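Enquirer: structure for this input, please:
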Amino acid sequence: MRTLFIADDVLNDLFQGEERQIVWHVFKKNGYLRSSKPAIKYQIVKRPMYGRVGNPVVDYRENDLLDAKSAYVWRMVVFAVSDNPQHQCVPVCADMDLPIEDHNERRALCKTLDALADRIVNLFPPTEWAGTIRWGQAYGLIGTPRYDDTGAIIYR
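Expert: Got it, this is the predicted structure:
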């Protein structure tokens, strides 16, 4: 697996405030893209359990929002640029780490984080977008299709 690197000064110049904190969770201290999801700290919160007799209060794990945002952005970035096949699976449950229960609020946050992930991905040349290239080939949008003896299209 190849390692993806961005210089520290580039990251510090392009991102400010909370975005910079998220980016520094996505990349290691030396500027290389992490190969695994950043750890998410959590805390135990008490909430009523609806649908039960008397609505008892139970303990729930609630993820730290900054760590959860970092994990979401990391997942979107590696989906696009990583050449590891495990990272190229469609990230349909990536937003489940975000500790926001309201669906509309969660979707709005995901759109903001997707924009940040796109800015990070665009720091790499398109020739290094291994995940995007692989899915583009699978959908027939990139590359020249070849046909086997039965007429089936082969993109690899």
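Enquirer: tell me where the longest helix sits in the chain.
Expert: The helix that spans the most residues within the chain, counting by DSSP state H, is helix 103-121.
Enquirer: residue ranges with poor pLDDT in the chain?
Expert: By pLDDT under 70, the weakly predicted segments of the chain are 1-3, 50-55, 58, 155-156.
Enquirer: quick one, what contacts the nearest residue in space to V23 that is not next to it in sequence?
Expert: Nearest residue to V23, sequence neighbours excluded (C-beta to C-beta, 6 or more residues apart in numbering): F15, at 4.9 Å. All C-beta atoms are positioned from the backbone trio N, CA, C, and that covers glycine. Shown here is F15, whose contacts under the criterion C-beta atoms under 8 Å, 6 or more residues apart in numbering are 22-23, 119.
Enquirer: and the residues you listed, which is closest to A130?
Expert: R119 (18.5 Å; C-beta to C-beta).
Enquirer: distance check, the residue lying closest to the closest one once chain neighbours are set aside against A115.
Expert: Closest residue to R119 apart from its sequence neighbours, by C-beta to C-beta, 6+ apart: L14 at 7.4 Å. Note on L14: its distance to A115, by C-beta to C-beta, to the nearest Å, is 13 Å.
Enquirer: which among the contacts of F15 gets closest to V92?
Expert: Using C-beta to C-beta, the contacts of F15 come closest to V92 at I22, 21.0 Å.
Enquirer: work out the gap between stretch 77-96 and the centre of the chain.
Expert: 6 Å (C-alpha atoms, centre = their mean, to the nearest Å).
Enquirer: can you give me the buried ones in it?
Expert: Under the neighbour-count criterion of 16 or more other C-beta atoms under 10 Å, stretch 77-96 has 77-83, 87-88, 94-95 buried.
Enquirer: outside of it itself, list whatever touches it.
Expert: 1-2, 4, 26, 33, 35, 71-72, 75-76, 106, 110, 117, 120-121, 124, 128-132, 134-135.
Enquirer: quick one: end-to-end length of that stretch, please.
Expert: 17 Å (C-alpha to C-alpha, to the nearest Å).
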